[in-house]
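# Structure for this input, please:
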Amino acid sequence: MPDVEMLHAYVSPKDQSSLDLLPEGLQSGEQIFRFLPGSDLKIPDFRDISTLRADSRASLEMYDFEGARTIYRNFLSWMFRTFDADEGEFRNDLLNRLQLRPNSRVLVTGCGIGDDVFALADLLGPEGMIFASDLAPEMILATHAGLAERSSESKANVSLSVCDACSLPFSGGYFDAAFHFGGINLFDDVGLAINEMARVTRDGGRIVFGDEGVAPWLANTEYGRMVVANNHLWSAKAPIDLLPFSAVNPKLSWVLGNCFYVIEFEKDTNGPSINPDIQHVGRRGGSMRSRYFGQLEGVDPGLKDQVLRAAADKKMSVADWLAQAVGDALKSSKP
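Down below sits the predicted model:
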């Protein structure tokens, strides 16, 4: 497990203010985010249970009880056998999409019983850092137990927390990459969770996430209907429309029998790049910027036809003719 220094990376999920380390937890003003019970555990709980909505409460019912670890592990074993996939190879394929360096700083949300955390720890070097979180304390305790069993094998430093992925306790741009696989369909606000992963990732960093969702071309086949009948969550659509403006070079793919979507993108605060001032060659003329920001009130259709003819007679684009005509009119109207 990590030293205490990793705890200083956390901030208040409410306003990103710094936190003071106390024996019982992390303090922001009068609020203390307490560590989970256990003398050796330094795992802060950042949740505000009163704010959780139906989906998150349903998720807690599924994963936060004694025995959930076994049920979760049994489901994973069934899933990989069903889709005839090697679990280790599958996880490494997803994690390789993060394009990590040995000293990368990585966030894992909805970490479950820690399988992706363990795989990441093997990929990263001793300077690498993993911050893993889950809404359910039982899942975090399972991850903690798994790390304790393999601590001598793990290369990277790991810090665990209990938190709502829609309200992450980290400063903007803190991570080189953010990862989530399995569970985002049950988040209270999927778009906000995606935005949060992007917020805490630096420019140039990568975000990769995925969950159940049969590929759309299979949805109305017997194959797709059989999968959805097994678990209604497989009817979910890939939330590609919820990506933030900062998402560039996005990719959408399906894995495990085309029954799970995976979305990956690079984060750039400035968003996609274009030059909106390149002039069009042709009858209309103008640029993307002038066609959007330079729109004026409409005119009589007959007058529009006259403008088109006048521009053609002058061998000018409509945009240039209008700019000249309006400019001349403004000059003549000055006293």
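
# for the stretch 51-200 of the chain, what spans make up the helices?
54-63, 68-82, 87-96, 115-123, 137-149, 190-199 (DSSP state H, counting those that start in this stretch).

# how about TSV for the ones you listed, with mean pLDDT added?
Converted to TSV, the helices of the stretch 51-200 of the chain look like this (pLDDT from 0 to 100):
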stretch	mean pLDDT
helix 54-63	90
helix 68-82	95
helix 87-96	97
helix 115-123	96
helix 137-149	94
helix 190-199	98
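
# Adding mean neighbour count and distance to residue 156 as columns, could you present these in TSV?
Every C-beta, even on glycine, is put in place using the N, C-alpha and C of the backbone. As requested, these are exported to TSV (neighbours: other CB atoms under 10 Å; distance: least, CB to CB, whole Å):
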stretch	mean neighbour count	distance to residue 156
helix 54-63	16	24
helix 68-82	14	22
helix 87-96	15	12
helix 115-123	22	5
helix 137-149	20	10
helix 190-199	21	19
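
# closest to residue 34 out of those helices?
Nearest of the helices of the stretch 51-200 of the chain to residue 34, taken as CB to CB: helix 137-149 at 11.3 Å.

# what sits up against that closest one?
1, 36, 41, 43, 45, 63-66, 68-69, 72, 111-114, 117-118, 121, 132-134, 154, 158, 160-162 (CB atoms under 8 Å, 6 or more residues apart in numbering).

# cool, stretch 174-184 as well?
Stretch 174-184 is contacted by residues 9, 59, 94-95, 98-101, 104-110, 112, 116, 120, 131, 165, 190, 193-194, 197-198, 200-202, 205-212, 239, 262 when judged by CB under 8 Å, 6+ apart.

# now it, how far from the centre of its chain.
Computed by CA atoms, centre = their mean, to the nearest Å, the chain-centroid distance of stretch 174-184 equals 6 Å.

# of the helices of the stretch 51-200 of the chain, which approaches residue 253 most closely?
Between residue 253 and the helices of the stretch 51-200 of the chain, the shortest gap by CB to CB is with helix 87-96, which sits at 10.4 Å.

# That closest one to helix 115-123, inter-axis angle?
Interaxial angle, helix 87-96 versus helix 115-123 (axes from the mean of the first three to the mean of the last three CA atoms, to 10 degrees): 70 degrees.

# ok, longest strand in this protein?
strand 201-212 (DSSP state E).

# Rounded mean pLDDT for the host helix or strand of residue 305, please.
Secondary structure from DSSP states H and E places residue 305 in helix 301-313. Average pLDDT, helix 301-313: 94.
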